[in-house]
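**Q** with the sequence up front, the predicted model follows.
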Amino acid sequence: MATFLVNIGGVTLMAAIVWWFWLSGSNKNSTDDQHQH
Amino acid sequence: MSEAPVLKTALSISGASCQGCVKKIRNALEPLTGDPVLVEVDLDKQTVALPENVEVAEAAKIVTDIGYPAEPVTAPEEKTAGGCASKEKDFGDKGADLPGHEEPADDAQAKAPASSDGDQVHLSVTGATCASCVNTIEKALLSVPGVSQAHMNLADNTATATGASDTARLIQAIESAGYGASEIEDEDAADDRKQEQDKKQYKALLVKMAISLGLGIILMIWGMGFGSMTVTGENQITWLNLGILTLGVMIATGGHFYAGAWKAFKHHNANMDTLIALGTGTAWFYSMVVVSIPEALPEMARHVYFEASAMIIGLINLGQALELRAKGKTSEAVRRLLDLRAKTARVIRNGDEQDIPVEDVQKGDRIRVRPGEKLPVDGVIVEGSTRIDESMLTGEPMPVNKTDGDEVSAGTLNTHGSVIYEATRVGSETALAQIIKLVKKAQGSKPAIGRLADKISSVFVPSVMLIAVVSALIWYNVGPEPAVVHMMVAATTVLIIACPCALGLATPMSVMVGVGKAAEYGVLIRQGDALQTAGKIDLVILDKTGTITEGHPAVTRVHPLDNNEDKLLALAAGLEQHSEHPLAEAIVAKARHEGIAPDSVTGFEALNGKGVQGQANGQTLRLGNRRWLEAEGLSVDNLSDAAKGITDEAGTPLYLALGTELLGVIGVADAIKADSKAAIERLHGAGIKVMMVTGDIEATARAISGSAGIDDFRAEVLPEDKADVVNEMRDQGYTVAMVGDGINDAPALAASDVGFAIGTGTDVAIESASITLMRGSLHGVPDAIEISQATVTNIRQNLFGAFVYNTLGIPVAAGLLYPVWGVLMSPILAGAAMSLSSVTVVSNANRLRFFKTSQQPEQHKESN
């Protein structure tokens, strides 16, 4: 049970990281291409 | 859908950078609109469109309150709901082609203060620590309406926004992204303030380092020598107290990391602070679980890691302190330029001489400068003559003679006589002030290679977080016992070792030192890109006049038939002093230089295409070309050898005859600069082809290119065709540098890969070029190329080091060596390695300070 919970927790954490920083994150609105120095 | 309400651009906002922000704004405005779909947020233009009936002021207040500074737009643009052309996925795009769709941004811009497009605002930024912060800050600035370019320089913690924008909104945008910002108005005061701040921060970091490392070391010694880091029934309360103490120390000495991480997280960003906060937080939290409920874990996993949290923060504080110290040294070039300025000026007003602060000097003031004094402002000499050491500005080691009417620059040193000069440019208008501004700007710019690193680092930190979770799960599932400990150690170590601070510093540090080094050689690099491209140049195209040559005709030969040079020059100067032709000026200047008084000549007459004539000693005195004199019945055959020598050197022979007697020939030519040939040889030595373009006839071009050692030339090129030659050579695959000084060179300078303007040339040329050579000498070109190559190599070393460090460090931290050698890296070691990587990058960049070009100007006189 503990193993199951830890693994599910880990996968959820990874999904949360992907969601927060990529899918809903600012990377989506990348402005890198606007940089003109 | 056909009855969709009309939406009008109602608000101009800043700080909204992602879909999370869009949702937040929509939800916040829902009470006003009744439906979040009736709120359109355009991330590109930073505007919000709302239905007509919504109270705009109230909407602005709500949006401002949730963290996006908003202002009502005065002339809203109509749209149809659902017809937004923004990036929002859940809206259709049928309104994308609505007429005037671009206008909302203009509306917003119209509200900005009266600053023209292209204006720059310089901000001092606090709280930025790594490449991810750079990205976040640049994005935040770009999100402000009107900003066309944004650049953050981590090396000196300044940001520059270009475009019509309100400074307050720029500051707000940076602050809402989680950093501090203030405008840099007075560069001097900002420099002083920054130095002061750096000193304070350095001390504070050392104190914090001492506290956190102190606690960490005590705990470590305790664990190793006197007690045990394992929680038992007897020491549980002690460890609980120590855990709380550790938390206190972590907050007191590493609070800035946690605050930074939280601010970044709120904005969907992750940076160096995130990794440190997560790493140390994981170690502390795990330890507290062990202390609070030890029975929940297997006995061998009841180990605490409070010392790791404290020591990691201590080591990173130490690393940042060292980094701060090394960073200070990189801006030495600018500081040296700032030090060139005189503090006071001896001004003559109403006949009285008085020393006044240099800031109070007005245009038109007469200033006395005595030997050994620095010139306070730019001006023109009105009395006296002297020798001025301009090496600090131009890199030219020899003092230059200056007399009435000659221009002099602030920051140069009067080495010889006492002179009085009239101020023509004061304050920020002086050449020195402009140079300082230019160097600072270039130091802050980023070449393409650096932008690549920024792109990588923006996805780097979240990727590291994923790697940490994956390695934790692997350890938990397949690792040896105590699996839970290994899992926590591996995750913490990965998070700590992977910090991208070295990556963020790699490029700006080298650019800063490289641009400063170039300035020492009188080479002003205006853009980071030029710094990178200059190293790849394989063809240099030179303009002739003013670039290879002096730019003004001078007497090269005086050949009298009766061996009396003085007589020849006296008569010629007597005649030519009435003329304003450049050739005439050259002859008069030569006579003056030789101390020969011009003879009295009357009845001066200029004959177009022939020469000049007048009356001397009752006879007709003629000075002109061969055809004219022969037409007047004079034979010039006696002088044909001398004349050939003159034409071979690309000069013009002028024959002088008094009555029917031929007196001699004077050669006038635009002489090749003394060091042009040596500079061209240096370019050849570097494997670079040299070509000349000129509007002169082929014979002259051939003579000049032969004397200067130029590989190829194009003669009779019209000014407007110079750019075509540049483009033609670029099409052939060359990386072309164009070197010129005149307005006519400007298109070619702009068309080339790297344009070099001779600093003594026109402002237009200087504006069109990416590099300015303050010395008139061509040596600046090979100097710039060598410095550029050294700087790019240094950047590559830094980036390579930073990437290799992370590429090797992360797998080792994750435990890749464990199956082979049974070694799992300690989080403390990871903290030390991370700090070391930044210090290494900064130190490597500092190495550039000792770079010397293959031909080195004499050392600047530091004594001034």
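**A** The structure has been received and is ready for your questions.

**Q** in chain A, which spans are helices?
**A** Using DSSP state H, the helices found in chain A span residues A:2-18.

**Q** in it, what spans have low per-residue confidence?
**A** A:25-37 (pLDDT under 70).

**Q** quick one: name whatever helix or strand follows the lowest-mean-pLDDT helix or strand in chain B.
**A** Least confident helix or strand, chain B: helix B:103-110 with a mean of 33, by mean pLDDT, DSSP states H and E. Sequence order places strand B:120-126 as the next helix or strand after helix B:103-110, per DSSP states H and E.

**Q** mean confidence score for whatever helix or strand comes next after that following strand?
**A** Using DSSP H and E, the helix or strand that follows strand B:120-126 towards the C-terminus is helix B:131-142. Mean pLDDT, helix B:131-142: 82.

**Q** which strands and helices lie in contact with helix B:131-142?
**A** strand B:147-153, strand B:158-163, helix B:167-176, helix B:236-266, helix B:272-292, helix B:448-478, helix B:501-520 (3 or more CB pairs under 8 Å, 6 or more residues apart in numbering or on different chains; DSSP states H and E). All C-beta spots, glycine's among them, are computed from the backbone N, C-alpha and C.

**Q** that helix vs helix B:501-520, what angle?
**A** Orientation of helix B:131-142 against helix B:501-520 (axes from the mean of the first three to the mean of the last three CA atoms, to 10 degrees) gives an angle of 70 degrees.

**Q** returning to what we had before: could you dump the helices and strands packed on helix B:131-142 to a markdown table with mean pLDDT?
**A** Rendered in a markdown table, the data for these read as follows (pLDDT from 0 to 100):
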| stretch | mean pLDDT |
| --- | --- |
| strand B:147-153 | 82 |
| strand B:158-163 | 84 |
| helix B:167-176 | 86 |
| helix B:236-266 | 90 |
| helix B:272-292 | 85 |
| helix B:448-478 | 81 |
| helix B:501-520 | 79 |
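
**Q** quick one, which of those is packed in tightest?
**A** helix B:501-520 (a mean of 29; mean count of other CB atoms under 10 Å in any protein chain shown).

**Q** now the helix or strand following it, how far from the chain's geometric center?
**A** Per DSSP H and E, the first helix or strand lying C-terminal to helix B:501-520 is strand B:523-525. In terms of CA atoms, centre = their mean, to the nearest Å, the gap separating the centre of strand B:523-525 from the centre of its chain is 10 Å.

**Q** do stretch B:683-702 as well
**A** 31 Å.

**Q** what residues sit buried inside it?
**A** B:683-684, B:686, B:688-696, B:700-702 (16 or more other CB atoms under 10 Å in any protein chain shown).

**Q** out of the helices and strands packed on helix B:131-142, which gets nearest to B:V39?
**A** Smallest distance to B:V39 across the helices and strands packed on helix B:131-142 (CB to CB): 19.2 Å, for helix B:167-176.

**Q** any residue of the closest one touching chain A?
**A** No. Applying CB under 8 Å from any CB of the partner chain, one finds helix B:167-176 separated from chain A by no less than 12.4 Å.

**Q** can you list the strands that the helix or strand that that helix is followed by pairs with?
**A** Downstream of helix B:167-176, the first helix or strand assigned by DSSP H and E is strand B:180-183. Here strand B:180-183 has these sheet partners by DSSP bridges: strand B:120-126 (antiparallel).

**Q** now do the strand it pairs with against helix B:236-266, angle only.
**A** If you take the same axes, to 10 degrees, strand B:120-126 sits at 170 degrees to helix B:236-266.

**Q** could you check how far the helix or strand containing B:G755 is from the centre of its chain?
**A** Per DSSP H and E: B:G755 is located in strand B:754-758. Computed by CA atoms, centre = their mean, the chain-centroid distance of strand B:754-758 equals 16 Å.

**Q** tell me the average confidence for that strand?
**A** 87.

**Q** and it, what does it pack onto?
**A** helix B:528-534, strand B:736-740, helix B:746-751, helix B:763-768, strand B:771-773, helix B:780-814.

**Q** would you mind finding the most buried of those?
**A** strand B:736-740 (a mean of 30).

**Q** and it, what does it pack onto?
**A** Using 3+ CB pairs under 8 Å, 6+ apart, strand B:736-740 is in contact with strand B:539-543, helix B:722-731, helix B:746-751, strand B:754-758, helix B:780-814.

**Q** got the angle between that strand and strand B:754-758?
**A** Using the same axes, to 10 degrees: strand B:736-740 against strand B:754-758 is 20 degrees.

**Q** what separates B:A703 from B:A757, distance-wise?
**A** Distance, B:A703 to B:A757, by CB to CB, to the nearest Å: 26 Å.

**Q** shaky segments in the stretch 251-400 of chain B?
**A** B:300-301, B:326-334, B:336, B:392-398.

**Q** just the helices in it please.
**A** Assigned by DSSP state H, counting those that start in this stretch, the helices in the stretch 251-400 of chain B fall at B:272-292, B:306-330, B:332-339, B:391-394.

**Q** and the ones you listed as a markdown table, adding distance to chain A?
**A** Formatted as a markdown table, the helices of the stretch 251-400 of chain B follow (distance: least, CB to the nearest CB, whole Å):
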| stretch | distance to chain A |
| --- | --- |
| helix B:272-292 | 10 |
| helix B:306-330 | 19 |
| helix B:332-339 | 19 |
| helix B:391-394 | 26 |
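
**Q** among those, which comes closest to B:A708?
**A** helix B:391-394 (21.1 Å).

**Q** list the buried residues of the helix or strand containing B:A60.
**A** Element membership for B:A60 (DSSP H and E) is helix B:56-65. Across helix B:56-65, burial judged by 16+ other CB under 10 Å covers B:V56, B:A59, B:A60, B:I62, B:V63, B:T64.

**Q** try stretch B:724-744
**A** In stretch B:724-744, counting by 16+ other CB under 10 Å, buried: B:724-726, B:729, B:734-742, B:744.

**Q** make CSV out of those and add distance to B:V478 and pLDDT.
**A** Formatted as CSV, the buried residues of stretch B:724-744 follow (distance: CB to CB, whole Å; pLDDT from 0 to 100):
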residue, distance to B:V478, pLDDT
B:D724, 68, 88
B:V725, 67, 91
B:V726, 63, 90
B:M729, 62, 92
B:Y734, 58, 92
B:T735, 53, 92
B:V736, 59, 92
B:A737, 59, 92
B:M738, 63, 91
B:V739, 65, 90
B:G740, 68, 84
B:D741, 71, 76
B:G742, 73, 68
B:N744, 73, 69
